[in-house]
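**Q** Below is the structure, and that's it, no one-letter string:
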């Protein structure tokens, strides 16, 4: 399989980085081809703007419609966007490694959604969800949250599970583009673990990656 | 009242820009003091990183714990963060003007949450929700969505209302910091309006701003 890893953390010593490294080495040892988009490492620019296009459709500037125009005109985007689109096009599975900040991903990863999942390429008018243009590919999110799991309950302080909280990403982004969404891998209370617990988390992530490839469980599937 | 407007759109000709202009002029004509953070205009940097701190706590770098350390050490943040924190500290009401991209705000506004709502200033250990450090202030979101309102229903294609979809922001960000959350102002199907409909939307936004100030309705209130 060709697998794209999209990774958003600034610290190589972080738990997110360790999980990502375990994930990549597990996949490689299974013989898969892995390409890593290390968003902090490459200095990925997350701000959608008109400079993202080498072709402009003219008239009132609307970012989404310019995406459609650029896609239809030889991918007339800035080179950093084209590179990510090409990697995504080749991938059969995309794994996102991220901390959970403000019930979501950091800005640098949100900017990857904003700029890379372009109209005309990832979705189109009338081509969303089961008709989404990325259908046939899979997506998995690996997220690390500082807060305790008991807060993430419908009757807990956060008033929802983390799966429900990720609805804008699992449903509104991944499913919207037609991706099959694999069961996520979440870590809670990330700051309060013993070394043995961290090791256990990495072992359990290794198993979750093997399962995702060999016997995938889906949160939703088209 | 002292009001902070946080605005995230790249195009002065956009509906989001027009709504923001109507909002500001309405508030000013009522005699309120308005400060605008035009995130695209000021080139706001949305990526959280260690360069955000002028003081570092030492040891393993954890962004959240460094926020706490910097807050406790004379606001040892980079000047762009300090400026936004000061504006937020002075404000009694914060209004966010944003397009809805991928069931959320654009990366540039997510980065404002990530970098400005710092631990020790906006919230702290054990000081969240009703104990959040921004309690007594109000927040309102004005959001423009391209999709039709019938998609945004529990039984619609998006499987949730836009209010539910905004849970990570309304509850997980605003309420988390202790802010009272005002009823949002949403526009749907933003690309398919007649000039008369656009004018009607601006009129109705003017009324919603007057109501937010004079007779606020709350989505949630501490």
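**A** Done, it's in. Every value quoted in this text rests on a predicted model; they were computed, and no experiment measured them.
**Q** Any chance you could list what contacts the longest helix anywhere in chain A?
**A** Secondary structure of chain A read by DSSP state H shows that its longest helix is helix A:195-214. Around helix A:195-214, the neighbours that count as contacts under C-beta atoms under 8 Å, 6 or more residues apart in numbering or on different chains are A:1, A:15, A:18-19, A:22-23, A:26-27, A:30, A:32, A:93, A:95, A:138, A:140, A:142, A:182-183, A:185, A:187, A:193, A:217. Every C-beta, even on glycine, is put in place using the N, C-alpha and C of the backbone.
**Q** Of these, select the buried ones using a ChimeraX command.
**A** To isolate the buried members of these in ChimeraX, using 16 or more other C-beta atoms under 10 Å in any protein chain shown:
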select /A:15,18,19,22,23,26,27,32,93,95,138,140,142,182,185,187
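**Q** Give me the subset of the contacts of helix A:195-214 lying in helices.
**A** Taking DSSP H as the definition of helices, those contribute A:15, A:18, A:19, A:22, A:23, A:26, A:27.
**Q** Dump those to TSV, plus pLDDT.
**A** Listed next are those as TSV, based on pLDDT from 0 to 100:
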residue	pLDDT
A:15	97
A:18	98
A:19	98
A:22	98
A:23	98
A:26	98
A:27	98
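**Q** now, which of the residues you listed sits nearest residue A:105?
**A** When the ones in helices among the contacts of helix A:195-214 are compared for distance to residue A:105, the smallest value, 14.5 Å, is given by residue A:19; criterion: C-beta to C-beta.
**Q** Thought residue A:96 was touching that closest one, still the case?
**A** No. Residue A:19 is beyond contact range of residue A:96, at 11.2 Å (criterion: C-beta atoms under 8 Å).
**Q** Common neighbours of the two, please.
**A** Residues touching both residue A:19 and residue A:96 comprise residue A:142, with contact defined as C-beta under 8 Å, 6+ apart.
**Q** State the mean pLDDT of stretch A:128-142.
**A** On average, the pLDDT along stretch A:128-142 is 98.
**Q** residues touching the residue most central in space within chain A, list them.
**A** Nearest to the mean C-alpha position of chain A, by C-alpha atoms, centre = their mean, lies residue A:96 at 3.7 Å. The neighbours of residue A:96, taking C-beta under 8 Å, 6+ apart as the test, are A:6, A:7, A:8, A:105, A:109, A:139, A:140, A:141, A:142.
**Q** Quick check: the fourth one vs residue A:165, distance?
**A** Just to be clear, that refers to residue A:105. 11 Å (C-beta to C-beta, to the nearest Å).
**Q** out of the two, which sits in the busier spot?
**A** Higher neighbour count among residue A:105 and residue A:165: residue A:105, with 29 against 22, using other C-beta atoms under 10 Å in any protein chain shown.
**Q** need the contact list for that one.
**A** So, once contact is read as C-beta under 8 Å, 6+ apart, residue A:105 ends up touching A:8, A:96, A:98, A:99, A:143, A:169, B:110.
**Q** same question, residue A:34
**A** Residue A:34 neighbours (C-beta under 8 Å, 6+ apart): A:3, A:4, A:5, A:24, A:27, A:28.
**Q** Need the three-state assignment for the second one.
**A** Using DSSP: H, G, I helix; E, B strand; the rest coil, the secondary structure recorded for residue A:4 is strand.
**Q** Tell me the pLDDT of it.
**A** We note a pLDDT of 98 for residue A:4 in this prediction.
**Q** any idea how far residue B:55 is from the most far-flung residue of chain A relative to its centre?
**A** In chain A, the residue that sits farthest from the middle, by C-alpha atoms, centre = their mean, is residue A:59; the gap is 32.6 Å. Computed as C-beta to C-beta, the residue A:59 to residue B:55 distance reads 49 Å.
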